[in-house]
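Undergrad: Sequence below, structure please.
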Amino acid sequence: AKEATSLPYCDESLSYDARIEDLISRLTLIEKINLVSNGDGHVNCNMPSGAVPRLGLPSYTWLIETNTGVHSVCNTPGQCATIFPDPQCVGASFNRTLWKAKGKVLGTEMRALHNTGGVIDRDSGLLVGLTGFGPNMNIIRDPRFGRAQELPGEDPYHTAQYSTEYLKGMQTPDANGYPLIRSYLKHFTAYSREYHRQHYDATVTQFDLYDTYLPQYEATFKNANASGVMCSYNGINGTPNCASKFLSDIIRKEWGATDALIMSDCGAIQDLTRYPWYAANSSEAVARTLLNGTDIEAGSNYFNISAADAIASGLVEESYLDAACKRTLKQRFELGLFDSVDKVEWTKIPAEAIGAKEHQKLSYEAALQGLVLLKNDGILPLRKGIKIAVVGPHAQSRHELFSDYYGNEVCFNKTWDCVMTISEAINMTNVGGTTLSQPAVKFVGGDDGPIDKAFDAALASDVLIIAVGTTAFQPPDIEHESYDRDNLQLPGLQTDAVISLLRLKIPSILVMVNGGPLAIDSILNLEPEYQPKAIIEAFFPGTHGGRALAASIFGDQNRWGKLPTTIYPLAYSAQVAMDDYSMSKAPGRTHRYYTGKPLFPFGFGLSLTNFTTKCTRNPTNEAGVASFSCDVSNTGDMDGEEVVLMYVKPSAELRSAASHPVPLQNLKGFERVFVAKGMTESVSFDLAKRDFALVNEEGERVVYEGYGHYVSFSGTQPQGSAFRVDPKEL
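TA: Numbering: from 1, shown residues only. You can find the predicted model right below:
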């Protein structure tokens, strides 16, 4: 309505708070309800809010997934959102610059889609908004978790660094302070189980909550100004997360994010009337939601049906609805959606930014830096011009190279033709040679080829590349949203097929494409003459994963990453219960508490060159900061990139003195560095007194002065040196 432009809420000389107060005062009760729920009453997880035409207020689509790319369809051929490898692969780079750049790409492309009328899908025609939900920040507590592929790793510090840089990129401000987009964290919190997920009440101690399940969220709110969260389906200690004043107070009071928005996961408000929460009816469910700080309902329509009744019957005061409306509107105002277009620099981003060449190049870089070389007995780099067989269910996969939240459309019209398979990439790179390819076996089930053809291809080749793993899509149901794995082994007949192929004694490279880590004990336990000469963890490497693998295998690139999660032995899944949220209960979870022997530890990863790392402690400065310098020398024959990790390990005497669980080690720093062959580069690390704090039974951070900690560093070839530091010195 043209007359709306003369109203105070459109007066740009007023503060946002004053403009929002004016707008709220003009809305009817039903209009306010429609602001925080599906405006047309139809269930939609993307939550298009209701429009108020008489006031010139348009509908707005809240939920746009931004975990690996902007959830959208292509504008035109060649204008499809850039899709990155899965977060584990990107997390394996241990590269803060890359993480921030990824966020900037997603923010830029979301703005471009919004500016040009981009849609989420062609059926609904819902416009792409400017509120991105992702990164997903739950840690990989259990390797069977079906959504491990959506997470950057198992460590709270690493995850915090990833999400902080990611958000800084996505929320980059222009000269007038308008962010590219607003970013929201998923799934808050202690969410790491798909079975029965909408009816699961997790028992979590204060210790585990503040030691493992909250730190990454806290850091991202405090260091990157996170805009809010999506509350998760589960509950904690008897209270559903989407109706938890305890959790909303942590965000808005304890962490000081007073304007943070909380949106329900799809259908979570409706779930409040079901086991085990049992709200009496939809009105009570709405009241519990608003009273405890959740602002927006997505994927169910209880707000539409019963919010007015809940208010009229006195279950909840209208002021709680007003507060939710204010928080939602504040986000939209700060994005510049109610200000003059020429004031917002980002409104000029053109359609050509969507899937731009420089964005695709960054996605390729992410794949290169995220591949982890687990073993190399001298077979890599491969020489070109040889006979190669690429076999296994991932030899010819395209769609299956992506994690479950890859977006909506990778190639125009939902084809996968723009994605190069691993075998195609090997063939393209193997100049002057020949490349044969057979799938051998299916992901689950029987032969696919049949397997005899894979044997024939292998016997006709100089080198065998076996590409195995899982898939995030259904069918088959292996690992994805709503589906956890039962165990850690390769599914179907893959293990048997790999061993049979290895027994041909052809020099072999094993490539694993997967979300959650795979236990390959039976392969690693083969006699030496039958074992693969090289093993690569590729995660779900995405659009350019095939090319990145080929470039790395042939040595055109030497950009490897480190494991962001532990690869446990097969027996591990029988030693820990999926519904046990204790991190320290024997044998322990993640590198911080696991006391067993992993197949490959957190932080492990090789290179095609050789590095040595020598670290020294510098004098403590006047600010009480302990500093360290590490010289990383490339003693091999290739340029390469190394990651140095810094751990703080509490001493035995501290463990004896503490009355609560104490981590084996805490990751407290990392640096990625390029080192030319024959050269040495230096990286530095700082530790303040607060970095030695441990969490006690009450969830408080305590520094144990008078007790030592050991600071150690690791790279491709750890030197084993450790420095004893007592926090009282700082």
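
Undergrad: Where does pLDDT dip in the protein?
TA: Residues of the chain that meet the criterion pLDDT under 70 lie in 1-2, 448-449, 715-720.

Undergrad: need the next SSE after the helix or strand encompassing residue 286, C-terminal direction.
TA: Element membership for residue 286, per DSSP states H and E: helix 282-291. Using DSSP H and E, the helix or strand that follows helix 282-291 in sequence is helix 302-312.

Undergrad: ok now that following helix, how far from the chain's centre?
TA: In terms of CA atoms, centre = their mean, to the nearest Å, the centre of helix 302-312 is found 35 Å from the chain centre.

Undergrad: elements contacting it?
TA: Packing contacts for helix 302-312, counted by 3 or more CB pairs under 8 Å, 6 or more residues apart in numbering; DSSP states H and E, involve helix 29-35, helix 282-291, helix 318-334. From N, CA and C alone the C-beta is placed, and that goes for glycine too.

Undergrad: Pick the most deeply packed of those helices.
TA: Highest mean neighbour count of these: helix 282-291, a mean of 25 (counted as mean count of other CB atoms under 10 Å).

Undergrad: Taking helix 302-312 as reference, get the angle to that one.
TA: 90 degrees (axes from the mean of the first three to the mean of the last three CA atoms, to 10 degrees).

Undergrad: okay if I get the helices and strands packed on helix 302-312 as TSV plus distance to residue 228?
TA: Output for the helices and strands packed on helix 302-312, formatted as TSV (distance: least, CB to CB, whole Å):
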stretch	distance to residue 228
helix 29-35	15
helix 282-291	15
helix 318-334	8
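
Undergrad: for these, which one sits closest to residue 111?
TA: Among the helices and strands packed on helix 302-312, helix 318-334 comes nearest to residue 111, with 14.3 Å by CB to CB.

Undergrad: could I have the closest one exported to CSV, CA atoms only?
TA: Taking Å, rounded to 0.1, in the frame of the first residue of the first chain, the C-alpha atoms of helix 318-334 are listed here in CSV:
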residue,chain,number,x,y,z
GLU,A,318,-0.1,-11.4,24.2
SER,A,319,3.1,-9.6,25.2
TYR,A,320,5.0,-12.9,24.6
LEU,A,321,3.7,-12.9,21.1
ASP,A,322,4.6,-9.3,20.7
ALA,A,323,8.2,-10.1,21.9
ALA,A,324,8.4,-12.9,19.3
CYS,A,325,7.2,-10.5,16.5
LYS,A,326,9.7,-7.8,17.5
ARG,A,327,12.6,-10.3,17.4
THR,A,328,11.6,-11.5,13.9
LEU,A,329,11.0,-8.0,12.6
LYS,A,330,14.3,-6.8,14.0
GLN,A,331,16.1,-9.3,11.8
ARG,A,332,14.3,-8.2,8.7
PHE,A,333,14.8,-4.5,9.4
GLU,A,334,18.6,-5.0,10.0
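
Undergrad: Tell me the first helix or strand C-terminal of that helix.
TA: Using DSSP H and E, the helix or strand that directly follows helix 318-334 along the chain is helix 357-370.

Undergrad: contacting residues for the nearest residue to residue 56 once chain neighbours are set aside?
TA: In space, and not counting its chain neighbours, residue 56 is closest to residue 4: 3.4 Å by CB to CB, 6 or more residues apart in numbering. When contacts are counted by CB atoms under 8 Å, 6 or more residues apart in numbering, residue 4 is found next to 10, 54, 55, 56, 57.

Undergrad: Looking at the helices and strands packed on helix 302-312, spot the one closest to residue 175.
TA: Comparing those against residue 175 with CB to CB, the closest turns out to be helix 318-334 (15.1 Å).
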